[in-house]
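K.L.:
Please work out how this folds:
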Amino acid sequence: MSDPEKTTFQSAKYGEVSVGRDEILTFPSGLPGFERCRRYGLVALEEEAPFLRLLSMDNPSVGFVLLNPLLVWADYDPQIGKEDLEALEITSSEELAIYCILTLSPLPQRVTANLKGPILINTRIQQARQMILVDERYHTKHSILAAGQASSQG
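P.N.:
Sure, this is the predicted structure:
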């Protein structure tokens, strides 16, 4: 028996995936390089916390791993322009969630986070977009392991 509050879709890597309505994100412009994929399921698994899966509902072979960058880089401060907030209809900071896309590797020292292209989510209307920052402090391959070691030595 299917749950009307859940939507099920196929993922090439994870098989059949079910998400609640509040876990479906719409990217009106898609993601850079994946413009045709506009609907994604945001999947949180307890055993993978604090990581999340962002799985395309439009293309079963497209998926990403996300992380809240503030969990690793407490001083992460992307300058979000007023036009970006307006495009997502964000009216208060409580509606904004920020994530970064990870590049995974079997070698922990090679797992990196893209802090130059954060994903902004309006948690009220479940709309999202990826920004490309012009801030020179951030680039596309920040080592998670190095950041964790630096913060534990601080």
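K.L.:
List the residues that contact the closest residue to residue 79 other than its chain neighbours.
P.N.:
Nearest residue to residue 79 in three dimensions, chain neighbours excluded: residue 135, at 6.0 Å (Cβ to Cβ, 6 or more residues apart in numbering). Backbone N, C-alpha and C define where each C-beta goes, glycine included. Residues in contact with residue 135 (Cβ atoms under 8 Å, 6 or more residues apart in numbering) are 78-79, 116.
K.L.:
Please indicate which of those residues are buried?
P.N.:
Neighbour-count burial (16 or more other Cβ atoms under 10 Å) applied to those gives 78, 116.
K.L.:
Keep only those of the contacts of residue 135 that are in strands.
P.N.:
When DSSP state E is applied, the contacts of residue 135 are split such that none fall in strands.
K.L.:
longest strand of this protein?
P.N.:
The chain, longest strand under DSSP E: strand 96-103.
K.L.:
Now do stretch 55-64: distance from first to last residue.
P.N.:
Using Cα to Cα, to the nearest Å, the end-to-end distance of stretch 55-64 comes out at 6 Å.
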